[in-house]
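**Student:** fold the following and give me the result.
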Amino acid sequence: MEAKELLERAARFHGHVCPGLAIGVLAAKYVLEHGFNFSPNEEVVAVAENDNCSIDALQALLSTTYGKGNLIHQDYGKLNYYFYNRETEKAIKLSFKNDVFTGKKMTKNERIKQLLSSKPEKVFNIYEIEYNPPSLAQIEDSIPCDICGENTMNSRLMFYNNNSMCIPCYKAQRK
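**Tutor:** Presented below is the predicted three-dimensional model:
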């Protein structure tokens with residue numbers, strides 16, 4: 001599929017067109033063209049080291065989502081993306097190149113146009129990496145917090161002064 005069509009699909013999900021979304025579209029385009037398919041379950045896993053608009057393109061075009069557990073956010077502020085295909089055991093890393101826009105005064109629309117007309121290899125450093133995906137999403141029991149009574153995933157409960165509590169209540173108790 002052409003980058004422009006992918007951008008339109010991603011924009012319907014994201015709400016607008018911007019350079020960040022175009023970066024995500026280009027990453028998704030590369031992944032789709034290199035042995036990674038739309039992921040109705042958890043076949044493909046994306047790990048993103050940022051939380052910008054590009055992530056919405058990955059969700060819309062690859063069906064990697066936080067809710068399914070096959071989109072993992074690592075808050076490093078880097079335009080790095082790791083993709084794992086559980087069916088083929090293939091893994092790649094895409095890292096946005098430092099010099100894509102260096103020395104160029106461009107409008108938002110010019111940046112989008114440049115990105116969409118570029119081959120992913122011109123925008124990303126692309127590496128095959130060791131296949132070591134995050135584990136499958138876990139479904140856990142929820143237990144009421146002893147302080148506020150709200151159901152909390154068992155693995156997120158904190159134990160303090162003989163109480164099982166959610167993280168916000170634990171932090172409040174520790175002040």
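**Student:** now the longest helix anywhere in the chain - C-alpha only, PDB.
**Tutor:** Using DSSP state H to define each element, the chain has its longest helix at helix 19-33. What follows is helix 19-33 as a C-alpha-only set of coordinates in PDB (Å, rounded to 0.1, in the frame of the first residue of the first chain):
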ATOM      1  CA  PRO A  19       5.100  14.800  10.900                       C
ATOM      2  CA  GLY A  20       5.000  12.500  13.900                       C
ATOM      3  CA  LEU A  21       2.100  10.500  12.400                       C
ATOM      4  CA  ALA A  22       4.100  10.400   9.000                       C
ATOM      5  CA  ILE A  23       7.100   8.900  10.900                       C
ATOM      6  CA  GLY A  24       4.900   6.200  12.300                       C
ATOM      7  CA  VAL A  25       3.300   5.500   8.900                       C
ATOM      8  CA  LEU A  26       6.800   5.100   7.400                       C
ATOM      9  CA  ALA A  27       7.800   2.700  10.100                       C
ATOM     10  CA  ALA A  28       4.600   0.700   9.700                       C
ATOM     11  CA  LYS A  29       5.000   0.700   5.900                       C
ATOM     12  CA  TYR A  30       8.500  -0.800   6.200                       C
ATOM     13  CA  VAL A  31       7.300  -3.400   8.700                       C
ATOM     14  CA  LEU A  32       4.400  -4.400   6.600                       C
ATOM     15  CA  GLU A  33       6.600  -4.800   3.500                       C
END
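**Student:** now do the buried residues in that helix.
**Tutor:** For helix 19-33, burial by neighbour count (16 or more other CB atoms under 10 Å) applies to 19-32. Quick note: C-beta positions are derived from backbone N, CA and C, even for glycine.
**Student:** where exactly do the strands run in this structure?
**Tutor:** Applying DSSP state E to the chain gives strands spanning 44-48, 71-73, 80-85, 90-96, 124-128, 142-144, 151-153, 158-160, 163-165.
**Student:** so which residue is smack in the middle of this structure?
**Tutor:** With distances taken as CA atoms, centre = their mean, the residue of the chain nearest its centroid is A48 (4.2 Å).
**Student:** does it touch D75 like I think?
**Tutor:** No - the criterion here is CB atoms under 8 Å, and A48 misses it with D75 at 9.5 Å.
**Student:** domain ranges for this structure?
**Tutor:** 3-128, 142-174 (automatic domain parsing).
**Student:** single out the most deeply packed of those domains.
**Tutor:** Between the domains of the chain, domain 3-128 has the highest mean count of neighbours, a mean of 17, where neighbours are mean count of other CB atoms under 10 Å.
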